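Asks: Mind folding the following:
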Amino acid sequence: MTDSKYFTTTKKGEIFELKAELNSDKKEKKKEAVKKVIASMTVGKDVSALFPDVVNCMQTDNLELKKLVYLYLMNYAKSQPDMAIMAVNTFVKDCEDPNPLIRALAVRTMGCIRVDKITEYLCEPLRKCLKDEDPYVRKTAAVCVAKLHDINAQLVEDQGFLDTLKDLISDSNPMVVANAVAALSEIAESHPNSNLMDLNPQTINKLLTALNECTEWGQIFILDCLANYTPRDDRESQSICERVTPRLSHANSAVVLSAVKVLMKFMEMLPKDLDYYGTLLKKLAPPLVTLLSAEPELQYVALRNINLIVQRRPEILKHEMKVFFVKYNDPIYVKLEKLDIMIRLASQANIAQVLAELKEYATEVDVDFVRKAVRAIGRCAIKVEQSAERCVSTLLDLIQTKVNYVVQEAIVVIKDIFRKYPNKYESVIATLCENLDSLDEPEARAAMIWIVGEYAERIDNADELLESFLEGFHDESTQVQLQLLTAIVKLFLKKPTETQELVQQVLSLATQDSDNPDLRDRGYIYWRLLSTDPVAAKEVVLAEKPLISEETDLIEPTLLEELICHIGTLASVYHKPPSAFVEGSRGVQHKRLPGSTESGESESPDTASAAAVSDAPPAVIPSQGDLLGDLLNLDLTPPTTTGPPPPASSGMQMGAMDLLGGGLDSLLGGDLGGSPAIGAGFGAPPAAMPASFSAPVSGGLDDLFDLGGGVGMPMGAYSAPKTVWLPALKAKGLEISGTFARRSGVIQMEMTLTNKAMSVMTDFAIQFNRNSFGLAPAGPLQVLTPLSPNQSIEVTLPLNTVGPVMKMEPLNNLQVAVKNNIDVFYFSCQYPISMLFVEDGKMERQVFLATWKDIPNDSEAQFQIKDCHLSSDAASNKLQGSNIFTIAKRTVDGQDMLYQSMKLTNGIWVLTEMRVQAGNPVYTVSLKCRAAEVSQWVFQSYEAVLKN
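Replies: Numbers count the residues shown, from 1 in each chain. Predicted coordinates for the structure are as follows:
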């Protein structure tokens with residue numbers, strides 16, 4: 001009979017019976033009883049009452065019974081730590097048992113019991129097992145060290161287990177080596193700066209020797225460890241590659257991908273003219289192709305990894321295009337991934353084959369796949385210039401099918417083709433215009449409007465076509481509205497006499513009837529440009545556009561390098577660095593390919609200037625000393641002379657960066673010549689507009705946005721509601737509640753003092769202890785009248801940042817002493833870092849870009865703000881009120897990216913990238929700062945400002 005019988009019992013009150021059976025003299029009865037206990041435990045019954053009885057059964061030679069008892073122990077030791085200590089003696093005895101299976105079982109179980117009290121008893125047996133003559137025991141003990149390190153890292157270091165673990169890398173048994181590497185890697189991951197894996201050529205040689213003989217998972221541990229090694233020169237690199245290459249033919253796909261990762265990394269060190277380099281490229285293709293014959297889920301993982309490999313080294317798979325052709329029974333996720341790789345591999349040699357295949361896909365029934373196939377044809381045209389004509393005729397054939405979604409996708413990609421090859425394929429515009437009425441998707445409508453506006457001079461009825469869109473202007477999406485506004489302004493600049501009414505109409509709709517700030521601002525800019533300097537308007541609106549390239553969808557090079565170092569892990573499937581999705585990712589190291597740092601030796605002037613800005617190190621914050629002593633020594637007599645508070649910054653300091661890209665000087669300067677008819681035929685702005693918009697353009701951006709008139713004004717700075725800092729119980733009846741605010745450039749401590757005692761309070765004074773940012777009162781605490789019992793008074797204390805500095809824990813902690821006629825009272829409070837953001841924290845766009853690149857990636861922190869329902873513009877406005885300035889904004893795949901800067905009072909710059917997706921209440925904020933400890937407090941300020 002099988003063991004299933006143990007799970008079928010429904011008896012009540014069986015604990016007592018089990019107790020009796022466990023204490024029976026008969027071995028078989030004991031074993032039966034323990035099995036019943038384990039069965040009850042498995043189905044969720046509480047059998048912890050039997051702990052002492054089960055522990056008594058440990059004294060046995062029967063291996064099966066021992067395993068069952070150890071299983072029980074692992075489960076209940078945490079809830080019964082005092083009882084668990086009873087088992088320690090048996091563990092220690094079992095670690096010296098002649099049977100290696102029992103020794104290994106004992107040490108494995110001890111490692112799984114996560115109870116602090118037991119860990120110290122574990123050390124001696126573990127030390128013996130690490131040096132055991134049997135490799136099975138040694139490999140189990142190696143993993144046990146990693147488990148023990150997780151419970152008590154200090155103990156492992158003090159007992160010297162890490163050194164023993166390092167010695168095991170030289171063990172004669174390959175499985176012991178693999179487990180030692182796995183344990184050290186695990187420990188090194190949680191302590192990135194510990195330099196545990198001290199890899200040198202001798203160690204690497206031992207690992208490579210063990211590689212051939214250990215199990216598949218052992219091979220993966222060793223290969224992952226090899227991937228972290230940087231060879232001394234190309235000869236060593238080649239030697240390692242030669243010894244890793246046989247792993248490519250392994251049956252386990254995880255081993256293959258780990259081997260590919262090692263080879264991709266070490267190839268960076270090999271000279272391209274080396275014969276071996278070419279051989280290695282050829283060897284890498286077949287294993288990757290073989291991975292595509294697995295089941296769909298594995299195919300998908302392989303394809304995601306191949307996508308990265310192809311971006312880094314397309315030559316590996318350039319002859320394998322046919323493998324990526326879609327099969328009829330592929331799931332959609334595999335189809336879309338294959339399509340992506342086909343485009344990446346498309347070249348002049350294989351484009352005919354690819355286009356024939358894509359045209360076939362465009363007639364499939366799966367709508368998503370068809371859309372992607374049509375887009376792919378457009379991407380091929382942009383990537384392979386010689387194929388552009390063939391691609392355009394293929395797209396025209398597809399438009400003739402009159403299938404709605406195919407037509408719309410085709411129009412979107414033809415717009416991109418026009419941008420890549422101007423004045424080449426405009427003959428197809430007539431065909432596009434025939435399909436105008438069938439367009440119902442915003443992206444397709446916007447693309448068509450762009451085409452009409454861009455080529456208005458070639459389309460006879462362009463004004464009628466655009467007017468037809470204007471009828472439902474307010475029902476259109478923002479994307480279409482913005483495109484329509486620009487297209488009609490272009491049309492007006494090309495045919496001023498015929499379209500004056502149309503342009504007046506669209507400007508009026510955009511500026512007076514719209515709630516969208518983007519649309520309104522663009523409308524006002526065009527309005528002012530046209531009414532004051534039509535020539536400049538022509539220069540700006542009809543300027544030549546840069547050609548687009550196919551590279552837009554490639555992964556950014558530094559991220560790609562990091563992802564290549566993570567091939568075969570989740571990061572390579574998500575195409576995101578581990579820090580983006582691993583919780584508590586402080587321990588995640590940013591990896592780079594070797595030799596990649598040398599690639600950019602010539603520093604651009606922008607980078608140099610940014611380095612000049614950012615290399616001036618912020619004042620070093622001294623570490624925290626004897627704070628209580630410092631506070632008790634404070635001199636609380638009111639200061640006799642106090643320096644003036646810092647001057648309020650005049651108005652708002654706006655960077656001279658212009659929304660249209662070139663700065664207003666270039667926009668409006670110079671005698672540009674042009675059609676006078678435009679200015680003459682253009683009416684003044686409507687009366688509803690602010691007066692300053694009809695004034696001449698002279699005052700730069702302040703004037704353009706009419707900061708006085710309130711158009712586009714940021715909201716005020718956020719300050720948190722008051723909280724109780726000093727309760728009356730602790731201060732003999734004085735209660736202080738307060739908050740911090742920044743008003744007109746001055747940091748203020750706003751407090752409510754309440755007297756809950758029976759006597760009058762007078763002679764108030766305040767002093768701060770040294771703190772992280774040098775906050776200090778800028779004047780005495782002004783409590784002018786005595787504070788009577790049950791009376792409250794509001795007090796505002798201006799602060800400056802010229803006080804003594806000392807790093808606090810937490811960073812924004814402020815320790816305060818308040819004195820009155822009764823006593824001296826101490827309390828601490830925390831100020832929001834946003835109080836320290838200064839008004840001139842807006843960085844120039846070029847300096848921002850260069851500084852962002854200059855700050856190393858491991859100083860980047862990423863956070864998420866949840867439940868935030870603001871649009872990107874509303875968020876930007878709100879943040880600007882707290883001196884967090886938006887430098888630039890771009891939209892990628894429907895996601896708005898806001899690039900922002902802020903500067904702290906001590907000169908530390910913080911740069912951020914905030915991602916906002918319409919409809920998604922989760923924002924992602926990436927922060928870069930040379931003083932990394934500031935990041936989490938800046939993020940808290942973001943959260944506080946955006947959510948209040």
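Asks: Grab the nearest non-local neighbour of Asn228.
Replies: Leaving aside its chain neighbours, Asn228 sits nearest to Met197 (6.4 Å; criterion: Cβ to Cβ, 6 or more residues apart in numbering). Glycine gets a C-beta too; all of them are placed from N, C-alpha and C.
Asks: I should have written Thr109 there, sorry.
Replies: Counting by Cβ to Cβ, 6+ apart, the residue nearest Thr109 is Tyr70, at 4.1 Å.
Asks: hang on, the earlier thing: and the residue nearest to Asn228, that's in a helix?
Replies: No: secondary structure of Met197 (DSSP: H, G, I helix; E, B strand; the rest coil): coil, not part of a helix.
Asks: Check whether it really touches Glu186, as I assumed.
Replies: No: here Met197 does not reach Glu186: they are 10.8 Å apart, not a contact under Cβ atoms under 8 Å.
Asks: okay, and for this protein, where does confidence drop off?
Replies: 1-13, 192-195, 550-553, 584-590, 595-716 (pLDDT under 70).
Asks: go with 50
Replies: Scanning the chain for pLDDT under 50 picks out 1, 585-586, 596-635, 637-714.
Asks: per-domain residue ranges of it.
Replies: Domain segmentation of the chain under the TED database yields 200-267, 441-532, 723-831, 836-947.
Asks: And the second one, end to end?
Replies: Taking Cα to Cα, to the nearest Å, the span from the opening residue of domain 441-532 to its closing residue is 36 Å.
Asks: got it, and the longest one?
Replies: The first residue of domain 836-947 is 19 Å away from its last residue (Cα to Cα).
Asks: Show me how far it is from its chain's centre.
Replies: The chain centre lies 12 Å from the centre of domain 836-947; the measure is Cα atoms, centre = their mean, to the nearest Å.
Asks: Around Met74, how many other residues sit close by?
Replies: Other residues near Met74 come to 16 when the count uses other Cβ atoms under 10 Å.
Asks: check contacts around it.
Replies: Listed by Cβ atoms under 8 Å, 6 or more residues apart in numbering, the contact set of Met74 reads 109, 112-113.
Asks: Now render those residues as CSV, adding neighbour count.
Replies: Shown next, in CSV, are these (neighbours: other Cβ atoms under 10 Å):
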residue, neighbour count
Thr109, 21
Cys112, 14
Ile113, 24
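Asks: Out of those residues, name the ones that lie in strands.
Replies: Among the contacts of Met74, no residue falls in strands (DSSP state E).
Asks: okay if I get those residues as TSV plus distance to Glu913?
Replies: Output for the contacts of Met74, formatted as TSV (distance: Cβ to Cβ, whole Å):
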residue	distance to Glu913
Thr109	48
Cys112	43
Ile113	45
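Asks: Go through these and name the one nearest Leu775.
Replies: The closest of those to Leu775 turns out to be Ile113 (Cβ to Cβ; 48.8 Å).
Asks: Distance-wise, check that closest one relative to Gln80.
Replies: Distance from Ile113 to Gln80, counting by Cβ to Cβ, to the nearest Å: 11 Å.
Asks: Same check on Ala720?
Replies: Ala720 is 46 Å from Gln80, by Cβ to Cβ.
Asks: Which element is encountered next along the chain beyond the host helix or strand of Phe740?
Replies: Element membership for Phe740 (DSSP states H and E) is strand 734-743. With elements assigned by DSSP H and E, the helix or strand that comes after strand 734-743 is strand 746-755.
Asks: Run through the strands of the stretch 751-900 of the chain in chain order.
Replies: 765-768, 776-777, 792-800, 813-819, 824-830, 860-865, 885-892, 895-903 (DSSP state E, counting those that start in this stretch).
Asks: So for Ala944, which of those sits nearest?
Replies: Per Cβ to Cβ, nearest to Ala944 of the strands of the stretch 751-900 of the chain: strand 860-865, 10.1 Å.
Asks: export the host helix or strand of Met41 as PDB, just CAs?
Replies: Using DSSP H and E, the element containing Met41 is helix 27-42. Written as PDB, here are the backbone C-alpha positions of helix 27-42 (Å, rounded to 0.1, in the frame of the first residue of the first chain):
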ATOM      1  CA  LYS A  27      10.800   0.800  15.300                       C
ATOM      2  CA  GLU A  28       8.100   0.100  12.700                       C
ATOM      3  CA  LYS A  29       5.400   1.700  14.800                       C
ATOM      4  CA  LYS A  30       7.600   4.800  15.400                       C
ATOM      5  CA  LYS A  31       8.100   5.200  11.700                       C
ATOM      6  CA  GLU A  32       4.400   4.900  11.000                       C
ATOM      7  CA  ALA A  33       3.700   7.500  13.600                       C
ATOM      8  CA  VAL A  34       6.200  10.000  12.200                       C
ATOM      9  CA  LYS A  35       4.800   9.500   8.700                       C
ATOM     10  CA  LYS A  36       1.300  10.300  10.100                       C
ATOM     11  CA  VAL A  37       2.700  13.400  11.800                       C
ATOM     12  CA  ILE A  38       4.400  14.600   8.600                       C
ATOM     13  CA  ALA A  39       1.100  13.900   6.700                       C
ATOM     14  CA  SER A  40      -0.900  16.000   9.200                       C
ATOM     15  CA  MET A  41       1.800  18.800   8.900                       C
ATOM     16  CA  THR A  42       1.600  18.700   5.100                       C
END
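Asks: Okay, buried residues for the helix or strand that that helix is followed by please.
Replies: Note on helix 27-42: by DSSP H and E, the next helix or strand toward the C-terminus is helix 51-56. Within helix 51-56, the residues scored as buried using 16 or more other Cβ atoms under 10 Å are 51, 53-56.
Asks: one step back: so which bits of the helix holding Met41 are buried?
Replies: Residues of helix 27-42 classed as buried: 30-41 (neighbour count, 16+ other Cβ under 10 Å).
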